[in-house]
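>>> next come a sequence and a model predicted from it.
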Amino acid sequence: MRYVKSIICVLICLGLIVACSDFLEEKSQDEVIPANTTDYREILLNYQQTAFSEAILVMDDDVKINESRYWGDYPNSLAQTLASCFTWQSDMWEDLNTLESQYESMYTSIMAMNAILENIDDVEGDITEVEIVKAQALGTRAYYYFILVNMFGEPYNFNKEAAGVVLKLESPYRESGMERATVEKVYAQIVEDLEEASLLFNKYPKQRGDFLMNVTAADILLSRVYLYMEEWTKAEEAATRAIESAEGLMDYTTLPTGQNFYMTSYTNSEVEWMFCQLLLSNVLMPSNELVSKFDANDRRVEFLSRSSGSIKKVDIEEKGPNIMIRSAEAYLNRAEARVLSPKPDLTGALADLNELRRHRITGYLDVDIKDADILLNEIRDERRKELCFEGHRWFDLRRYGMPSFYHDFRVSLVEPLLRYTLQEKDPLYTLPIPRDVLENNVELEQNSSVLEPARNGFQIN
């Protein structure tokens, strides 16, 4: 890790990642100049550690508070940490005990990707290695911008002209004078990066298992972006490429009952990219509505909870990356795109749905659905079940029209249980920008959600 930090320090001192001039005043005697693709791969790995905000998982309708983790009248400190995000407060980032937005961390990582892209062509190394690193940096930068614009910009299909996030494509970082690009412009850059990454990756044999983005992951992410943009044909094409290059779906129905299996491992043939470590709070558990969606013979139920009810799907006991992009998503992206295409392919969409279910539900018999609306609902329900707790649901709710739902919350069992409601098209579906970020950049426009009054909830018992 010291070696990686030394490389990063040199990049900073060279002015490639510059947050302020103070970084230029002194250089360490043990700095290592990044000279080859191995050095840049280490930078890639290091800057994937802050690629996600736990808040995304706390705010959706797949979770509820696990009251078996409460101790009578003693306030649950973990619950308090989740409170502002869980109840959609406009000052969610300002509470002393709250989740991190990761806004600044993600921009630091974007600057690192920019530095790699500006310098990788000049380093030692085989052209194959150089272009693969370039593809990985492009794809990773695109992923960061995708997370940022879907946290702090309005949904693309609702108002793509709204302010998105700052679009910074060069490595020198300025903390002031940078305005937000529109949601549409940010998406255009995400698509450009992913399309270029896909082209570069496809020139060479696929790599998998090194905790860096590969061709299949890039195409899965691209299909997701096109799905959000409602570019149905392009979403289908990208998903098809991903399925063709993937390792195939894992058949959960063949796993021994009760086996302690986690999805977050490269032993799972569906996992194409693992990055970042997320620590899901054991105060959270799957919501009743989510659990009710699963068939009795669905093996995915075993991934939902331990005996205490806490979320089990993502392995939080291993000290390694546990956020992932996996090939099952490509089947769901393609199925949805096929239904919504200007020339709907219901047969193809149904085939994707049945193919995924056969690998999940013991004794599954293929269904035959002729109605497009019914099929779309089935696909979206399947998406919810398959991708729960992987960072999709909050963003999916936004693009589905921002429906209303509620969370019940309290910090100790002796307090009344309060119900907090997120209204349809609620302003808090677009999160406020952290105030300390605004203080560093006076050109930033704040989201109107910051003006929402405190949400107090109403007593239900």
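Now that the structure is in, tell me what you want to look at. Numbers count the residues shown, from 1 in each chain.
>>> hey, where'd the strands end up in the protein?
Assignment of strands within the chain using DSSP state E yields the ranges 63-65, 163-166, 180-182, 271-275, 284-286, 323-326, 405-409, 418-422, 458-459.
>>> export those strands to JSON lines and tack on mean pLDDT and distance to residue 241?
To be clear about C-beta, it is placed using only N, CA and C from the backbone, and glycine gets the same treatment. Output for the strands of the chain, formatted as JSON lines (pLDDT from 0 to 100; distance: least, Cβ to Cβ, whole Å):
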{"stretch": "strand 63-65", "mean pLDDT": "93", "distance to residue 241": "33"}
{"stretch": "strand 163-166", "mean pLDDT": "97", "distance to residue 241": "27"}
{"stretch": "strand 180-182", "mean pLDDT": "97", "distance to residue 241": "28"}
{"stretch": "strand 271-275", "mean pLDDT": "92", "distance to residue 241": "12"}
{"stretch": "strand 284-286", "mean pLDDT": "89", "distance to residue 241": "33"}
{"stretch": "strand 323-326", "mean pLDDT": "91", "distance to residue 241": "14"}
{"stretch": "strand 405-409", "mean pLDDT": "97", "distance to residue 241": "35"}
{"stretch": "strand 418-422", "mean pLDDT": "98", "distance to residue 241": "36"}
{"stretch": "strand 458-459", "mean pLDDT": "95", "distance to residue 241": "49"}
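>>> closest one to residue 295 among the ones you listed?
Closest approach to residue 295 among the strands of the chain is made by strand 284-286 (15.1 Å; Cβ to Cβ).
>>> hang on, isn't residue 333 packed against residue 223?
Yes: with contacts counted by Cβ atoms under 8 Å, residue 333 reaches residue 223, the gap being 4.3 Å.
>>> what is in contact with those two at once?
Each of 235, 238-239 lies in contact with both residue 333 and residue 223 under the rule Cβ atoms under 8 Å, 6 or more residues apart in numbering.
>>> residues touching the residue most central in space within the chain, list them.
Most central in the chain under Cα atoms, centre = their mean is residue 391, positioned 4.5 Å from the mean C-alpha point. Applying Cβ under 8 Å, 6+ apart to residue 391 gives the contacts 52, 56-57, 323.
>>> for the residues you listed, which one is nearest residue 445?
So of these, ranked by how close each gets to residue 445 (Cβ to Cβ), first place is residue 56, at 22.2 Å.
>>> wait, the closest one sits on residue 394?
Yes: using Cβ under 8 Å, residue 56 is in contact with residue 394, at 5.0 Å.
>>> which of the two has more neighbours?
Set side by side, residue 56 and residue 394 show more neighbours around residue 56, with 22 against 19, by other Cβ atoms under 10 Å.
>>> before we move on, back to that, what subset of the contacts of residue 391 is buried?
The neighbour-count test (16 or more other Cβ atoms under 10 Å) marks 52, 56-57, 323 as buried among the contacts of residue 391.
>>> give me the neighbour count for residue 68.
By the measure other Cβ under 10 Å, the count of residues near residue 68 is 12.
>>> relative to residue 250, how far out is it?
With distances defined as Cβ to Cβ, to the nearest Å, the gap from residue 68 to residue 250 amounts to 31 Å.
>>> and for residue 98?
When residue 98 is compared with residue 250 (using Cβ to Cβ), they lie 36 Å apart.
>>> one more: residue 102?
Using Cβ to Cβ, we find residue 102 at a distance of 30 Å from residue 250.
>>> so for those two, which sits in the more crowded spot?
Comparing residue 102 with residue 250 by other Cβ under 10 Å, the one with more neighbours is residue 102, at 23 against 20.
>>> spatially nearest residue to the more buried one, not counting backbone neighbours?
Taking Cβ to Cβ, 6 or more residues apart in numbering as the measure, residue 102 lies nearest to residue 53, with 4.3 Å between them; neighbours along the chain are not counted.
>>> could I get the full set of helices for the stretch 1-150 of the chain?
Shown for the stretch 1-150 of the chain, the helices assigned by DSSP state H, counting those that start in this stretch span residues 2-13, 37-46, 55-58, 77-86, 103-119, 127-152.
>>> what comes up buried for the fourth one?
The reference is to helix 77-86. Of the residues in helix 77-86, 78-86 count as buried by neighbour count, 16+ other Cβ under 10 Å.
>>> and these, which is closest to residue 244?
Nearest to residue 244 among these, with distances taken as Cβ to Cβ, is residue 85, at 38.5 Å.
>>> the closest one and residue 56 touch, don't they?
No: look at residue 85 against residue 56 with Cβ under 8 Å: they stay out of range, at 9.0 Å.
>>> so residue 429 sits right up against residue 155, yeah?
Yes: the pair formed by residue 429 and residue 155 meets the contact definition of Cβ under 8 Å, at 7.4 Å.
>>> give me phi/psi at the closest residue in space to residue 413 that isn't next to it in sequence?
With sequence-adjacent residues excluded and distances taken as Cβ to Cβ, 6+ apart, residue 413 is closest to residue 70, at 4.9 Å. Note on residue 70: backbone dihedrals following degrees, to the nearest 10 are phi -90, psi 150.
>>> pLDDT at residue 70, what is it?
At residue 70, the model reports a pLDDT of 87.
>>> returning to what we had before: and the residue nearest to residue 102, how close does it get to residue 282?
Look at residue 53 and residue 282: by Cβ to Cβ, they are 18 Å apart.
>>> any quick ChimeraX command for the buried ones out of the shared contacts of residue 333 and residue 223?
Buried residues among the shared contacts of residue 333 and residue 223 (16+ other Cβ under 10 Å), as a ChimeraX selection:
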select :235,238,239
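>>> between the shared contacts of residue 333 and residue 223, which is nearest residue 344?
Checking those one by one against residue 344 (Cβ to Cβ), the nearest turns out to be residue 235, at 13.4 Å.
>>> list the contacts for residue 156?
Listed by Cβ under 8 Å, 6+ apart, the contact set of residue 156 reads 183-184, 187, 228-230, 399.
>>> kindly recompute the last result at 7 Å.
Residues counted as contacts of residue 156 (Cβ atoms under 7 Å, 6 or more residues apart in numbering) are 183, 187, 228-229.
>>> mean confidence for stretch 302-319?
Averaging the model's pLDDT scores along stretch 302-319 yields 63.
>>> start at 12, not 1
Taking 12 as the first residue, the last one we looked at is stretch 313-330.
>>> surely residue 398 and residue 340 touch.
Yes: in this structure, residue 398 is within contact of residue 340 by Cβ atoms under 7 Å, at 6.3 Å.
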